[in-house]
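Peer 1: Sequence first, predicted model second:
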Amino acid sequence: MKYNEYVENKQHGQADFPIQLYCVDSSHSQYIMPLHWHKELEIIKVNEGTLNLFINNMHYPLFAGDVAFVNCKNLHRGIPEDCEYECIVFDLSMLIKKGNEIFPSFINPIITGQLEISPIFHQDNTELYNCIINLFNTLKEKADYYELATMGNLFMLFKNLYSDNKITQIKVSKKLSSKTNTIADLVKWIDRNYTEHITLELLAENSNLTPNYLCRIFKEYTGKTPIEYINSVRIENICYEIKWGHKNITEAATDNGYNDISYFCKVFKKHKGMSAQQYVSQFK
């Protein structure tokens with residue numbers, strides 16, 4: 001999954017069946033989940049290890065068996081520790097039938113942000129948890145007629161979420177909402193411009209913030225300074241293009257904003273703990 005598409009314009013699943021399962025482990029080209037958001041709902045299940053998940057700057061440590069719901073348009077990132085995890089990303093509008101007024105009354109408030117799903121579910125024997133696991137298994141196995149089974153699981157999932165009072169009114173302070181929106185706009189701008197020359201002053205100008213305040217809230221949400229974060233975005237995209245885009249190191253580096261290859265090599269080793277050549281050699 002290309003997590004560096006912060007405001008993800010990519011299509012998850014098919015146009016008429018917009019749901020996709022992603023499996024991520026330490027061999028994945030983008031093992032660490034950088035800060036991003038998308039209009040779709042995301043469900044994350046940890047199979048092994050620990051995933052330090054941050055949703056709107058709140059830290060949720062997830063362990064094997066734990067499940068997290070990331071509500072529509074929520075900023076989120078993840079730092080895995082010896083972790084294997086799976087993600088289901090889907091467009092809630094697939095559950096809304098044209099000409100039917102019942103389903104939209106349950107689904108639209110979640111899409112628009114009036115209601116939110118509780119973020120964390122621990123492993124248990126409840127019908128709700130089993131429904132979540134069934135959804136993951138259905139999408140993983142893709143048996144005959146799995147599309148029908150998937151839709152059935154989704155409707156049962158939301159029935160159980162409502163029955164167990166796991167869908168509630170959103171309570172977010174105006175100050176927090178404003179700060180979150182500022183960071184969301186920044187990562188959106190970075191996603192569109194990270195291949196260009198970007199300075200802290202330019203970021204501050206585009207966000208109408210002072211450089212010092214920008215650095216403070218950006219690090220609060222991402223754990224990195226803006227420049228460190230831009231470098232991480234570039235390096236993750238370079239790794240993806242080296243592994244899947246059939247580009248050599250120099251092509252991938254220059255296409256992602258590094259005209260100084262010597263500087264790129266230093267940044268790459270800092271972020272990946274190995275040289276770019278060592279990274280490439282893993283796939284030969």
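Peer 2: Happy to help now that I have it.
Peer 1: Give me the average confidence score over stretch 269-284.
Peer 2: Stretch 269-284 carries an average pLDDT of 87.
Peer 1: Mind listing residues that contact it?
Peer 2: Contacts to stretch 269-284, defined as C-beta atoms under 8 Å, 6 or more residues apart in numbering, come from residues 231-232, 235, 238-239, 242-243, 249, 253, 264-265, 268. Using the backbone N, CA and C atoms, a C-beta is placed for each residue, glycine as well.
Peer 1: This structure: helices as residue ranges?
Peer 2: Assigned by DSSP state H, the chain shows helices spanning 102-111, 127-141, 146-163, 174-193, 200-207, 211-222, 226-244, 249-255, 261-272, 276-281.
Peer 1: Out of those, which is closest to Trp37?
Peer 2: Ranking the helices of the chain by their distance to Trp37 (criterion: C-beta to C-beta) puts helix 174-193 first, at 5.8 Å.
Peer 1: Also compute the angle for the closest one relative to helix 211-222, please.
Peer 2: For helix 174-193 against helix 211-222, the angle by axes from the mean of the first three to the mean of the last three C-alpha atoms, to 10 degrees is 90 degrees.
Peer 1: Which positions in helix 174-193 come out as buried?
Peer 2: Residues 179-180, 182-184, 186-187, 189-191 are the ones in helix 174-193 that count as buried (16 or more other C-beta atoms under 10 Å).
Peer 1: how far out from the middle of the chain is it?
Peer 2: 15 Å (C-alpha atoms, centre = their mean, to the nearest Å).
Peer 1: can you count the residues close to the nearest residue to Ile110 once chain neighbours are set aside?
Peer 2: Nearest residue to Ile110, sequence neighbours excluded (C-beta to C-beta, 6 or more residues apart in numbering): Leu92, at 6.2 Å. Leu92 has 18 neighbouring residues, counting by other C-beta atoms under 10 Å.
Peer 1: can you check the one 3 residues further on too?
Peer 2: Leu95 sits with 18 neighbouring residues when counted by other C-beta under 10 Å.
Peer 1: and the residue lying closest to Asn134 once chain neighbours are set aside, what is it in contact with?
Peer 2: Excluding its sequence neighbours, the residue lying closest to Asn134 (C-beta to C-beta, 6+ apart) is Asn153, at 5.3 Å. Each residue near Asn153 by C-beta under 8 Å, 6+ apart is listed here: 131, 134-135, 138.
Peer 1: May I see the residues you listed arranged in CSV, with neighbour count as well?
Peer 2: Listed next are those as CSV, based on neighbours: other C-beta atoms under 10 Å:
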residue, neighbour count
Cys131, 19
Asn134, 16
Leu135, 23
Thr138, 20
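Peer 1: just to revisit the earlier point, any idea which of the contacts of stretch 269-284 the model trusts least?
Peer 2: The member of those with the lowest pLDDT is Lys243, at 82.
Peer 1: If we go by neighbour counts, what in stretch 128-148 is buried?
Peer 2: By 16+ other C-beta under 10 Å, the buried positions in stretch 128-148 come out as 128-129, 131-132, 134-136, 138-139.
Peer 1: mind checking pLDDT for the residue nearest to Trp37 when sequence neighbours are not counted?
Peer 2: Distance criterion C-beta to C-beta, 6+ apart; nearest residue to Trp37, sequence neighbours excluded, is Leu75 at 5.0 Å. Looking at Leu75, its pLDDT stands at 91.
Peer 1: which one of the buried residues of helix 174-193 is nearest Leu161?
Peer 2: For the buried residues of helix 174-193, the closest approach to Leu161 (C-beta to C-beta) belongs to Thr180, at 23.3 Å.
Peer 1: For Tyr221, give me its contacts.
Peer 2: Contacts here follow C-beta under 8 Å, 6+ apart; on that basis Tyr221 touches 35, 54, 57, 75, 180, 183.
Peer 1: Make a markdown table from these and add distance to Glu205 to it.
Peer 2: Listed next are the contacts of Tyr221 as a markdown table, based on distance: C-beta to C-beta, whole Å:
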| residue | distance to Glu205 |
| --- | --- |
| Leu35 | 21 |
| Phe54 | 27 |
| Asn57 | 24 |
| Leu75 | 22 |
| Thr180 | 21 |
| Ile183 | 16 |
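Peer 1: Mind listing what's buried along stretch 161-171?
Peer 2: 161, 166-167.
Peer 1: Okay then, goodbye and thanks.
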